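1. Using only what follows, build the 3D model:
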Amino acid sequence: MRSLDPVGFVGMLHNGFPISEYLPTTVLLHLLYAREHPPEKRWAACVALSGKPEPEAFDAIVQSLRAPEWELRRFALEAIQRHPRGAEAADHIVAALFDVDDLVRQTACRVCAGMRLEGAHDGILPLLKADNPDVRDMAANALAQLWDESDFDRMFTLYKNDQRRAVRIAAAKTLRKNAGPWTWRRLFNSWSIDREVRHRMWGCELAAKFGRRKDVPLVEPLLDDRNRNVRIAAEESIARLRAA
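-> Sure, this is the predicted structure:
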């Protein structure tokens, strides 16, 4: 799996001094546009421009979102999220969800979620069916922040059926965050018998949060769970239900 740390590049050295927002904007723009420089310097310059107020700095980041190099497009997304005017580039950020590179699409998911770009919701949905499980994972996480009630069934299906454990867990986390009075029972019924310890604990949590005294029998079987933490969660849940 490819991975890059944008923070690490911001502090790299160039002729003895770090590439950061403390450099003049003209120098950062030169580093970004001069193709004779190593790619890492260009990426670092792009991220560093996020701390510059000049219009040309913002314009350069937006332009980099359409760069031919996937790495630069990815770092441009990191930069635009940090820039005070980042929301103005919402359409460009959402467009990155359809990029040909998986890491760019993953970054776009994370940035859209971090910036709460509601217009990204429908663009993220197809990524739940992407061939790359890392893309599906990131899309499921992003929808935790951009949730719509209509997402429940597709997210529940992802949790139940995806072949990658990490994706199933990501889907479950999103379902947990957005569970409500009308969905918690369906989640509890699945999670209370799930092999994942965390899911059985989350089932107890949901019962305590949304259930009533009459739901105590639902939780009681978990008092005999093979995992101590689940048993404790069940005890706490039942105590709250009986006090309700």
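
2. Find the least confident helix or strand in the chain, judged by mean pLDDT.
-> helix 6-10 (a mean of 47; mean pLDDT, DSSP states H and E).

3. Where does pLDDT dip in this protein?
-> 1-17 (pLDDT under 70).

4. Which single helix of it contains the most residues?
-> helix 228-243 (DSSP state H).

5. What helices and strands are in contact with that one?
-> helix 197-210, helix 216-219 (3 or more CB pairs under 8 Å, 6 or more residues apart in numbering; DSSP states H and E). Placement of C-beta: from N, CA and C, glycine included.

6. so residue 71 touches residue 38, yeah?
-> No: the pair residue 71 and residue 38 fails to qualify as a contact (CB atoms under 8 Å) at a distance of 11.5 Å.

7. So those two - more neighbours on which side?
-> Each of residue 71 and residue 38 has its neighbours counted (other CB atoms under 10 Å); residue 71 has more, 19 against 11.

8. how far out from the middle of the chain is stretch 20-40?
-> 29 Å (CA atoms, centre = their mean, to the nearest Å).

9. Buried by neighbour count: which residues of it qualify?
-> The neighbour-count check on stretch 20-40 (16 or more other CB atoms under 10 Å) flags 20, 23, 25, 28-29, 31-32, 40 as buried.

10. I'd like to check what contacts the longest helix of the chain. Which residues are they?
-> Surrounding helix 228-243, the residues in contact under the criterion CB atoms under 8 Å, 6 or more residues apart in numbering are 197, 200-201, 204-205, 207-208, 211-213, 215-216, 219-220, 222-225.

11. Quick one, which of these are buried?
-> 200-201, 204-205, 207-208, 211, 215-216, 219, 222, 225.

12. about what we covered before: arrange the helices and strands packed on helix 228-243 in CSV, one row each, with distance to residue 88 as further columns.
-> Below are the helices and strands packed on helix 228-243 laid out as CSV (distance: least, CB to CB, whole Å):
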stretch, distance to residue 88
helix 197-210, 38
helix 216-219, 49
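
13. Compare these and give me the one nearest residue 57.
-> Among the helices and strands packed on helix 228-243, helix 197-210 comes nearest to residue 57, with 43.2 Å by CB to CB.

14. Only alpha carbons, please: show the closest one as PDB.
-> Output for helix 197-210, consisting of C-alpha atoms alone and laid out as PDB, is shown next (Å, rounded to 0.1, in the frame of the first residue of the first chain):
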ATOM      1  CA  VAL A 197     -15.900  -8.000  21.000                       C
ATOM      2  CA  ARG A 198     -16.300  -4.300  20.300                       C
ATOM      3  CA  HIS A 199     -19.500  -4.900  18.500                       C
ATOM      4  CA  ARG A 200     -21.100  -6.900  21.300                       C
ATOM      5  CA  MET A 201     -20.100  -4.100  23.700                       C
ATOM      6  CA  TRP A 202     -21.600  -1.500  21.300                       C
ATOM      7  CA  GLY A 203     -24.800  -3.500  21.300                       C
ATOM      8  CA  CYS A 204     -24.900  -3.100  25.100                       C
ATOM      9  CA  GLU A 205     -24.200   0.600  24.700                       C
ATOM     10  CA  LEU A 206     -27.100   1.100  22.300                       C
ATOM     11  CA  ALA A 207     -29.500  -0.800  24.500                       C
ATOM     12  CA  ALA A 208     -28.600   1.400  27.400                       C
ATOM     13  CA  LYS A 209     -28.900   4.500  25.400                       C
ATOM     14  CA  PHE A 210     -32.200   3.800  23.500                       C
END
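
15. Next one: residue 124 relative to residue 113, how far apart?
-> Distance, residue 124 to residue 113, using CB to CB, to the nearest Å: 8 Å.

16. Overlap in contacts, the two.
-> Going by CB under 8 Å, 6+ apart, residues that sit against residue 124 and also against residue 113 are 142-143, 146.
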